[in-house]
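S.K.: Coordinates for the following, if possible.
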Amino acid sequence: LQFLYFIAGDQKANMTFVATTNPATMQELPDKVAMTASEEVPAIFKKAREAQLTWRKMSFKQRAKCCYKIKSYLAANAERGAKIISESNGKTLADALQTEILPCLMAIDWYASSAEKVLGPKSIGGGHLLFANKSNTVQHVPVGVVGIISPWNYPFSIPFGEVIMGLMAGNSVLLKVATESVLVGQFIEECILAGELPDGLFKHVVLRGSQCSKLMFENGINKIFFTGSVPVGKTLMKDASETLTPLSLELGGNDPAVVLEDADLERASNGILWAGFQNAGQSCGGVERVYVAKKIYDKFLALMVAKTTALKHGDPTTTDADIGAISTKKQKVVVEEHLQDAVAKGATIAAQSTAVGDTSKGLFVPATLITNATDDMLIMKEETFGPIIPLVPFETVDDAIKMANDSDLALTSSVWTENTKLGREVAERIETGITTLNDHLYTHGCAETPWGGWKLSGLGRTHGEQGLHEMSNAKAINYEMLPSKLIPRDIWWFPQTGTVSGMLGAINFVAPRSIGDRISGLVATLSFAAPKMFVPWTVDSSIQSSNLPWVFAQIAKLGVLVGIPVAASYYYKQTA
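M.R.: Okay, the predicted model is just below:
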């Protein structure tokens, strides 16, 4: 929509605004957000880089202090924030509070208290006796300017957690949310700015998707965190390859739940119902396929039918509705196509939720339980991203694992059993980045738990130690333990005279076939290394490069006598 506004009282200019619609009512929301002009982006990057230079020098405690201010502001505005989320996304107010606001408050606590421990310098000892004089420190330095491109299904919690991660790691952050949820993006900016950060360190940019990534690459973004579809993720990878810009991609899931015959059916039915229908089924880590042991299938189905029927979908602002609306028209079409495809191919609708209030104007799809689902149906092959749960019986655990792994997506999964040992064994065989026992769709709310998958579900991780590491570059600093005056040369440096026999001795010491090889290898190595390491390389006798006495080399040779029992002990430890 085009709107007229005034600059400096007398200049007129056209500015583009984004208008958004409440998916539960299909009414336009009153507030509008101005688009970011592409001409502004270079200046935004310049400010972000300048601010980041200041921010990265601040201690973790100073950064945490700013984040706690953000936390206080969010807590004080939680109800208003939930309303903004609900009106933009279609989820219920309860859902917005419990899956968007509350986890973010907890996330601030974890990142603020854990970032220093995770990202602080760490010493690494030498890996072998031959490198006994070497030591390493690994540092995690900020990436720089981080871009976050987030989706509409969790318009607050997905980007907010990543913003806090990026800030605590010492980065500046540019956030681009889905067009459908720009009002949520505006609320995020409001919260972040309450932290009193350096000017320009964080910016919510309102750009079209393809335009955003193009401008980010053109202006030298240091890393992009993207959550969205597989096709867009692949396009980003192609574009990023031109500059080798690193990416973290979370591209969805077709997540299985496996219910073993000893599962507690009450908990399993409640948990799977939640994980499949919460947020109107629009969760990357939600249940999309359910495999149930044949022995308990009928009992489990009866529970699921009764509970699905008892659920209510409707106006998300009321306390009566369990499930809100689908977030976009396009997604509603996809969900309905998947359901129609399943029914046409022989699936049965076993139960659906009950509508409350007038659902005729909004983007509502009833929670739907499906039986007689087969592998050729879209609801089994693809990510439906809607409130549909298909139940499929299985004969053996091996059959269940094979069916669970029959997907090109691998984000999350769950195993339901009273036998923890068996559950862990099955979990280890399921090909997903996250597998939970007797629960599903909660780990994204655990800031300490890494989030992400493999196959077409993407690459990289957010959350937890791995997420903080993704927001940084690892840098190793290697240094000598002894002063340089004592060791003028390493054994592999020039000149190469005698190096072959010395290296063969070292190989015998490192990979001996017997204790004799170990001892002879040590003798040969020290005999070669001592004069080379401790005696200066004098090319011109008239040039005195060091006053290190020759006696150091002789003392080093005496180390052979000490080294023989050490070598023998080391050999027996290695071969024990």
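S.K.: Could you use CA atoms for every contact and neighbour count after this?
M.R.: Noted.
S.K.: Check whether residue 484 sits in a helix, strand or coil.
M.R.: coil (DSSP: H, G, I helix; E, B strand; the rest coil).
S.K.: Could you measure from it over to residue 534?
M.R.: 10 Å (C-alpha to C-alpha, to the nearest Å).
S.K.: Compare these two and say which one has the larger neighbour count.
M.R.: Taking other C-alpha atoms under 10 Å, residue 484 and residue 534 do not tie; residue 534 has more neighbours (25 against 10).
S.K.: Pretty sure that one sits against residue 483.
M.R.: No - using C-alpha atoms under 8 Å as the test, residue 534 is too far from residue 483 to be in contact (11.4 Å).
S.K.: and the nearest residue to residue 345 once chain neighbours are set aside, what is it in contact with?
M.R.: Ranked by C-alpha to C-alpha, 6 or more residues apart in numbering and with sequence neighbours excluded, the top spatial neighbour of residue 345 is residue 377, at 7.1 Å. Residue 377 makes contacts with 338, 341, 342, 345, as judged by C-alpha atoms under 8 Å, 6 or more residues apart in numbering.
S.K.: Dihedrals phi and psi, the last one?
M.R.: To tie it back to what came earlier, the one meant is residue 345. Backbone geometry at residue 345, expressed as degrees, to the nearest 10, gives phi -100, psi 10.
S.K.: Mind listing what's buried along the helix or strand containing residue 74?
M.R.: Following DSSP states H and E, one finds residue 74 within helix 60-76. By 16 or more other C-alpha atoms under 10 Å, the buried positions in helix 60-76 come out as 60, 63, 64, 66, 67, 68, 69, 70, 71, 73, 74, 75.
S.K.: residue ranges of the helices in the stretch 201-350 of the chain, please?
M.R.: 209-218, 230-241, 265-277, 297-310, 329-344 (DSSP state H, counting those that start in this stretch).
S.K.: before we move on, what about the stretch 401-550 of the chain?
M.R.: 420-429, 464-470, 499-510, 515-534.
S.K.: between those helices, which one is nearest to residue 187?
M.R.: helix 464-470 (23.5 Å; C-alpha to C-alpha).
S.K.: contacts for that closest one?
M.R.: So helix 464-470 is contacted by 115, 118-119, 140, 165-166, 169, 248, 447-451, 460-462 (C-alpha under 8 Å, 6+ apart).
S.K.: Output it as CSV, nothing but the C-alphas.
M.R.: C-alpha atoms of helix 464-470 as CSV (Å, rounded to 0.1, in the frame of the first residue of the first chain):
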residue,chain,number,x,y,z
GLY,A,464,22.7,-24.5,23.0
GLU,A,465,26.4,-24.6,22.9
GLN,A,466,26.3,-25.5,19.3
GLY,A,467,24.1,-22.5,18.5
LEU,A,468,26.5,-20.1,20.2
HIS,A,469,29.4,-21.7,18.3
GLU,A,470,27.5,-21.1,15.1
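S.K.: chain center to it: distance?
M.R.: 7 Å (C-alpha atoms, centre = their mean, to the nearest Å).
S.K.: Ok, stretch 517-537 next?
M.R.: 48 Å.
S.K.: re the thing from before, can you list the buried residues of helix 60-76 in JSON lines and add distance to residue 523 and pLDDT?
M.R.: Below are the buried residues of helix 60-76 laid out as JSON lines (distance: C-alpha to C-alpha, whole Å; pLDDT from 0 to 100):
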{"residue": "60", "distance to residue 523": "49", "pLDDT": "98"}
{"residue": "63", "distance to residue 523": "54", "pLDDT": "98"}
{"residue": "64", "distance to residue 523": "55", "pLDDT": "98"}
{"residue": "66", "distance to residue 523": "59", "pLDDT": "98"}
{"residue": "67", "distance to residue 523": "58", "pLDDT": "98"}
{"residue": "68", "distance to residue 523": "60", "pLDDT": "98"}
{"residue": "69", "distance to residue 523": "63", "pLDDT": "98"}
{"residue": "70", "distance to residue 523": "63", "pLDDT": "98"}
{"residue": "71", "distance to residue 523": "63", "pLDDT": "98"}
{"residue": "73", "distance to residue 523": "68", "pLDDT": "98"}
{"residue": "74", "distance to residue 523": "67", "pLDDT": "98"}
{"residue": "75", "distance to residue 523": "68", "pLDDT": "98"}
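S.K.: Alright, that wraps it up for me.
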